[in-house]
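Engineer: pasting a predicted model and its sequence here:
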Amino acid sequence: MGKSPGCSKDQGLNRGAWTVFEDQKLKDYIKTHGEGKWGKIPKEAGLKRCGKSCRLRWLNYLRPDIKRGNITLDEEDLIIRLHKLLGNRWSLIAGRLPGRTDNEIKNYWNTTLGKKVKVEKSKHSNNNIKKNTKTNPSKCSKVVVAPKPLEVENPDTSDPPATSVDRNLLNNVAVTSEEDDFGSFAMDFDMGELLMSDISDSEFWKLCHQFDNGIEEGGNSGGAKNLSFSEETTLKEWMTDGCNYHHHRS
DNA sequence: AAGAAACACAACCGCCTAACT
DNA sequence: AAGTTAGGCGGTTGTGTTTCT
């Protein structure tokens, strides 16, 4: 199960670096037939490569909208913040960086950024500034948005905590249930998918801003904006720091 | 100048899962 | 419902290039 049959080693397929000739064949084929159906491409395009290899080559190298190299400081910063939030979910991170591929970001992280971050972290921990030692990626789940204070954890359910987010915005995203008379509702979402795939750039930053305000103005004081989070520390850090930065930038 | 070490990145591997039969 | 396949993803490796000694 799983592995595509066409990719096994004993099929007389070419391996290693792609030649200019192979690239051209693949580009020509996709130009006329479009992406997808990777399994058919080698045969129909006359390439001695497996479908997966063709897909990878196209997505990471040949696609016309691809940027290569020269990752800017802004992009670098964004990668670091997103990585903090999402962990090694490279395709999601790449989804927020137009023209960048997951492979490129992964490589950049492994060779450059990862080290930088490590150095920064050790600096911080030496200075006793960083209190949060958790290194795992964060996933948000089950957030309840409400205009009034909520009872915090219900022991009978895994129901969560609350935050303040534009309801209309989230209605377009991953709201799953339970809108009541007060306009509160529960949702269960993966932060990565919420951020990366379902909303536009402007909505993304708007959402950021809304979270940001919620944290700063409401906190957990019981006011209209009430936040509590399963990975609160990480989220808070990311939101208050990261979102402000990007809002000011634009 | 030459060899070694470190770095950068393209490509491969194997796992997971959705879609299909 | 169960089995199969293809697509997608993250981890890892191989190799060419650059830097260091």
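Structural biologist: Structure's in. What do you need?

Engineer: so where's chain A shaky on pLDDT?
Structural biologist: A:1-11, A:121-250 (pLDDT under 70).

Engineer: what residues does it have near DNA strand B?
Structural biologist: Contact residues, chain A versus DNA strand B (C-beta under 7 Å from any atom of the strand): A:1-3, A:7, A:9, A:14-18, A:49, A:52-53, A:56-57, A:60-61, A:68-69, A:103-104, A:106-108, A:110-112. The way it works is simple: take the backbone N, C-alpha and C, and place the C-beta from them, glycine included.

Engineer: just the buried residues of those residues.
Structural biologist: A:Trp18, A:Arg49, A:Ser53, A:Leu56, A:Arg57, A:Glu104, A:Lys106, A:Tyr108 (16 or more other C-beta atoms under 10 Å).

Engineer: now the fourth one: closest residue in space, sequence neighbours ignored.
Structural biologist: By that I understand A:Leu56. A:Asn103 (7.7 Å; C-beta to C-beta, 6 or more residues apart in numbering).

Engineer: quick check: which element contains that neighbour?
Structural biologist: Element membership of A:Asn103, judged by DSSP states H and E, is helix A:102-108.

Engineer: and that helix, what other elements does it pack with?
Structural biologist: With contacts defined as 3 or more C-beta pairs under 8 Å, 6 or more residues apart in numbering; DSSP states H and E, helix A:102-108 has these neighbours: helix A:90-95.

Engineer: just to revisit the earlier point, outside of the helix holding A:Asn103, which residues touch it?
Structural biologist: Here helix A:102-108 makes contact (C-beta atoms under 8 Å, 6 or more residues apart in numbering) with A:Leu56, A:Leu59, A:Asn60, A:Arg68, A:Ile71, A:Ile79, A:Asn88, A:Trp90, A:Ser91, A:Ile93, A:Ala94, A:Leu97.

Engineer: just the closest of the buried ones among the residues of chain A next to DNA strand B to DNA strand C, please.
Structural biologist: Nearest to DNA strand C among those: A:Lys106, at 5.9 Å, using C-beta to the nearest atom of the strand.

Engineer: and A:Leu47, how many neighbours does it have?
Structural biologist: A:Leu47 is flanked by 22 other residues according to other C-beta atoms under 10 Å.

Engineer: pretty sure it sits in a helix.
Structural biologist: No - secondary structure of A:Leu47 (DSSP: H, G, I helix; E, B strand; the rest coil): coil, not part of a helix.

Engineer: quick check: it vs A:Ile30, distance?
Structural biologist: To A:Ile30, A:Leu47 is 11 Å away according to C-beta to C-beta, to the nearest Å.

Engineer: can you pull the residues that touch both of these two?
Structural biologist: Common neighbours of A:Leu47 and A:Ile30, using C-beta under 8 Å, 6+ apart, are A:Ile41.

Engineer: of all the buried ones among the residues of chain A next to DNA strand B, which two lie farthest apart?
Structural biologist: Farthest-apart pair in these is A:Arg49 and A:Tyr108; separation 25.5 Å (C-beta to C-beta).

Engineer: re the thing from before, columns distance to A:Lys116 on top of the contacts of helix A:102-108, output as a markdown table?
Structural biologist: Shown next, in a markdown table, are those (distance: C-beta to C-beta, whole Å):
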| residue | distance to A:Lys116 |
| --- | --- |
| A:Leu56 | 27 |
| A:Leu59 | 26 |
| A:Asn60 | 23 |
| A:Arg68 | 21 |
| A:Ile71 | 12 |
| A:Ile79 | 10 |
| A:Asn88 | 16 |
| A:Trp90 | 17 |
| A:Ser91 | 22 |
| A:Ile93 | 16 |
| A:Ala94 | 19 |
| A:Leu97 | 17 |
